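K.L.:
My questions concern the predicted model and sequence given below.
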Amino acid sequence: MSCQAVIRDGNNDLLTEQAAGMRISILQGAADGTAVYTETHTPVISASGVVAVGIGTGVTTEDFSSIDWSDVP
């Protein structure tokens with residue numbers, strides 16, 4: 001799964017050309033549900049403030065293929 005995001009700081013200013021730490025979680029049952037999978041990424045933000053990551057390709061000790069997709073909104 002591909003994901004893109006625009007990265008901004010606390011003042012809503014774009015961050016550019018630096019590494020960003022990201023944690024992505026798949027939650028079960030609801031938007032505030034239990035995390036059934038979590039991974040981290042450290043992509044470099046582009047000059048336009050965009051990062052792109054592949055969900056399922058980050059650093060984790062969990063098994064992406066074991067997610068029960070029938071109960072993930």
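P.N.:
On my side now, so go ahead. Residues are numbered from 1 along each chain as shown.

K.L.:
distance of Gly56 from Ala31?
P.N.:
Gly56 sits at a distance of 20 Å from Ala31 (criterion: C-beta to C-beta, to the nearest Å). Backbone N, C-alpha and C define where each C-beta goes, glycine included.

K.L.:
between those two, who's got more neighbours?
P.N.:
Between Gly56 and Ala31, counted using other C-beta atoms under 10 Å, the more crowded position is Gly56 (15 against 6).

K.L.:
Report the separation between that one and Ile45.
P.N.:
21 Å.

K.L.:
Could I get the full set of helices for this protein?
P.N.:
Counting by DSSP state H, the chain has no helices at all.

K.L.:
Give me the outermost residue of it relative to its centroid.
P.N.:
The C-alpha centroid of the chain is most remote from Asn11, which lies 21.3 Å away (C-alpha atoms, centre = their mean).

K.L.:
wait, what's in contact with the residue nearest the centre of the chain?
P.N.:
Closest residue to the average C-alpha location of the chain: Ile24 at 3.4 Å, with C-alpha atoms, centre = their mean. If you count contacts by C-beta atoms under 8 Å, 6 or more residues apart in numbering, Ile24 has them with 3, 38-41, 53, 55, 58.

K.L.:
In TSV: those, plus distance to Thr16.
P.N.:
TSV is the format used below for the contacts of Ile24 (distance: C-beta to C-beta, whole Å):
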residue	distance to Thr16
Cys3	19
Thr38	27
Glu39	24
Thr40	21
His41	17
Val53	17
Ile55	23
Gly58	22
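
K.L.:
Please name the residues that touch the residue farthest from the centre of the chain.
P.N.:
Counted by C-beta under 8 Å, 6+ apart, Asn11 has zero contacts.

K.L.:
do the same with the one 3 residues further on
P.N.:
With C-beta under 8 Å, 6+ apart as the criterion, the residues that contact Leu14 are 6-8, 48-49.

K.L.:
Quick check: the residue nearest to the centre of the chain vs Ser70, distance?
P.N.:
The gap separating Ile24 from Ser70 is 20 Å, by C-beta to C-beta.
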